[in-house]
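**Student:** Could you look at this predicted model? Sequence included:
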Amino acid sequence: MSNEPVERAGRLVNMKPAVNILITDLDNTLYDWFEFWYNSFTAMLEQTVAISGISAEELIPEIKKVYEKHGTSEYSFLIEELTPLVSKHPGQDLRQVYEPAIRAYRQARKERLQLYPSVLSTLQAIKKQGTLVVAYTESLEFYSTYRIRNLCLDGLLDVVYFPEDHELPEGLTADQIRHYAPEHYKLQVTQTKHTPKGEMKPNPQLLRDIIRQVGGDVSKAAYVGDKVPKDVKMAQDAGVIDVYAKYGDTVKDHRYQLLRRVTHWKSAAVEKEKTTTTAEVPPTYTLESSFGEILDKFTFLPKDRFRLSAQDTPSAAE
């Protein structure tokens, strides 16, 4: 996988690997998910503390319980399920009581959600070559779809794989909480597929299944992501060209400790993320400062178009 120049016909030629499928993580690879999450979460938390008079230290472990229950750190109905708030306001509509907290969350989300520089132009350049662009994320369908749609990635991604959404709270239906027509909440061009329930990265078999489903070959596929144990190691174990998005790895940010305190991730996964380094798992390719650097790493080739069938579902880990 070397980019070292070789001599051909008396001159040096740079040999770049040829790929016709680019598989990319979403959060912290195409956009700064952590910055988006941290500012939205803390805005909501500060308002919730101010209204309730309950300290953040008391609320944080209760928040973690709700996130673990639903398998996401972005649960839309968090306030309604926080035990200290339910106890403080018996019989009251918590969404109404804590509307300023919800509004603060939405405002921060709107302000902070943006692509990393060069992502849009880079994906456009890769698509122009006819290369298949696939996204694979652990973020649930609703939240991923919201970001893909609002970041104008619908259509730039050929297909996205994500987990199904969590169930709605008892007594609520999608129609009751939606402000727009159902089509507004779906991607219009990008195909969508669900990963097996409960499956998390790193899962090399699932990555190989994704490549098989889109009619590809692991030797012609590259996978890019920001986490060493989840992304780099998974790609290497799957026999796929690995690309480390170093610019998006936020685990050393001091604010990241808040996410660790409330996350739904299992403690073993949190610890592995903290301790696994590039010295232990050296990436084959590294994007130091921007996603756009990937254009210098590979020759992007066209891939025949495809259409996934309803039966095409990645398998669980073997």
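**Tutor:** Right, received. Where do you want to start?
**Student:** Going by C-alpha atoms from here, please, whenever you check contacts or count neighbours.
**Tutor:** OK.
**Student:** who's in contact with the host helix or strand of Ala135?
**Tutor:** Using DSSP states H and E, Ala135 sits in strand 132-136. By C-alpha atoms under 8 Å, 6 or more residues apart in numbering, the residues outside strand 132-136 that reach it are 20-26, 127, 156-162, 302-303, 305.
**Student:** try stretch 286-295
**Tutor:** Contacts of stretch 286-295 (C-alpha under 8 Å, 6+ apart): 29-30, 116-119, 121-122, 126, 243-247.
**Student:** one more time with 10 Å
**Tutor:** For stretch 286-295, the surrounding residues in contact (C-alpha atoms under 10 Å, 6 or more residues apart in numbering) are 29-31, 116-123, 125-126, 224-226, 232, 242-248, 285, 296-297, 300.
**Student:** where in the stretch 201-318 of the chain is pLDDT low?
**Tutor:** Applying pLDDT under 70 to the stretch 201-318 of the chain flags the ranges 270, 305-318.
**Student:** Now do the strands in it.
**Tutor:** For the stretch 201-318 of the chain, the strands defined by DSSP state E, counting those that start in this stretch cover 221-225, 241-245, 285-287, 299-300.
**Student:** Including mean neighbour count and distance to Ser55, could the ones you listed go into a markdown table?
**Tutor:** Formatted as a markdown table, these follow (neighbours: other C-alpha atoms under 10 Å; distance: least, C-alpha to C-alpha, whole Å):
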| stretch | mean neighbour count | distance to Ser55 |
| --- | --- | --- |
| strand 221-225 | 26 | 36 |
| strand 241-245 | 26 | 37 |
| strand 285-287 | 21 | 41 |
| strand 299-300 | 20 | 52 |
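**Student:** For this structure, which helix extends over the most residues?
**Tutor:** helix 33-52 (DSSP state H).
**Student:** For that helix, name the packing helices and strands.
**Tutor:** With contacts taken as 3 or more C-alpha pairs under 10 Å, 6 or more residues apart in numbering; DSSP states H and E, helix 33-52 sits against helix 56-70, helix 78-81, helix 83-88, helix 94-97, helix 99-112, helix 256-262.
**Student:** Buried residues of the first one, list them for me.
**Tutor:** With burial defined by 16 or more other C-alpha atoms under 10 Å, the residues of helix 56-70 counted as buried are 56, 59, 62-68, 70.
**Student:** wait, what's in contact with Ile63?
**Tutor:** 45, 56, 69, 73, 75, 78-79, 81-83, 261-264.
**Student:** ok, now with 8 Å
**Tutor:** Per C-alpha under 8 Å, 6+ apart, neighbours of Ile63: 78, 82, 262.
**Student:** now Lys186
**Tutor:** Listed by C-alpha under 8 Å, 6+ apart, the contact partners of Lys186 are Thr145.
**Student:** got the angle for the strand holding Ala135 vs strand 221-225?
**Tutor:** 40 degrees (axes from the mean of the first three to the mean of the last three C-alpha atoms, to 10 degrees).
**Student:** going forward can the numbers begin at 14, since that is how I track them
**Tutor:** All set: I'll call the first residue 14, so the last point we hit is now strand 145-149.
**Student:** just how off-centre is strand 145-149 within its chain?
**Tutor:** 12 Å (C-alpha atoms, centre = their mean, to the nearest Å).
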